[in-house]
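A.B. asks: Next input, structure requested:
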Amino acid sequence: MEDGPLGRDRFERETGIREGDWSGRYWARWNDAVKEAGLAPNQMNALIDDEVVIAISTDDAYGIEGYWHRRFAAQRRMV
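C.D. replies: Numbers count the residues shown, from 1 in each chain. The predicted model follows:
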């Protein structure tokens with residue numbers, strides 16, 4: 001079960017209703033649609049304190065970055 005409202009992308013995948021179908025016509029912003037549905041809009045993530053963030057050093061920064069680009073290549077949006 002979902003903890004909160006769907007995001008715009010998942011809403012489109014699940015319903016087939018594109019952002020262009022509702023944006024500016026029924027709601028100006030996604031959060032307006034969420035509120036009208038009776039749900040609480042998603043909240044922004046809180047800033048993590050610098051003392052909590054862990055810095056990871058590597059001797060192959062380009063290799064690691066390339067790995068993650070390849071790993072998520074199928075999910076990358078073409079703009």
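
A.B. asks: Could you pick out the longest helix of the chain?
C.D. replies: As far as residue count goes, and with DSSP state H defining each element, the longest helix of the chain is helix 61-71.

A.B. asks: Sticking with Arg13, tell me its helix or strand.
C.D. replies: Using DSSP states H and E, the element containing Arg13 is helix 8-15.

A.B. asks: Output the below-cut-off pLDDT ranges for the chain.
C.D. replies: For the chain, the stretches with pLDDT under 70 are 1-3, 78-79.

A.B. asks: mind listing the helices for it?
C.D. replies: 8-15, 19-22, 30-36, 61-71.

A.B. asks: Out of those helices, which one sits most buried?
C.D. replies: Across the helices of the chain, averaging neighbours per residue (mean count of other CB atoms under 10 Å) puts helix 30-36 on top, at a mean of 15. C-beta: built from backbone N, CA, C; applies to glycine.

A.B. asks: next one: it to chain centre, how far?
C.D. replies: Taking the mean of its C-alpha atoms, helix 30-36 sits 16 Å from the chain's own mean (CA atoms, centre = their mean, to the nearest Å).

A.B. asks: Not counting it itself, show me its contacts.
C.D. replies: Counting by CB atoms under 8 Å, 6 or more residues apart in numbering, the neighbours of helix 30-36 from elsewhere in the structure are 5, 7-8, 19, 22, 26-27, 40-42.

A.B. asks: Let's see it as PDB, backbone CA atoms only.
C.D. replies: In PDB, the C-alpha atoms belonging to helix 30-36 read as follows (Å, rounded to 0.1, in the frame of the first residue of the first chain):
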ATOM      1  CA  TRP A  30       0.700  18.800  -9.300                       C
ATOM      2  CA  ASN A  31       0.300  19.600  -5.500                       C
ATOM      3  CA  ASP A  32      -3.100  21.300  -6.300                       C
ATOM      4  CA  ALA A  33      -4.300  18.000  -7.900                       C
ATOM      5  CA  VAL A  34      -3.100  16.100  -4.900                       C
ATOM      6  CA  LYS A  35      -4.800  18.400  -2.400                       C
ATOM      7  CA  GLU A  36      -8.100  18.300  -4.300                       C
END
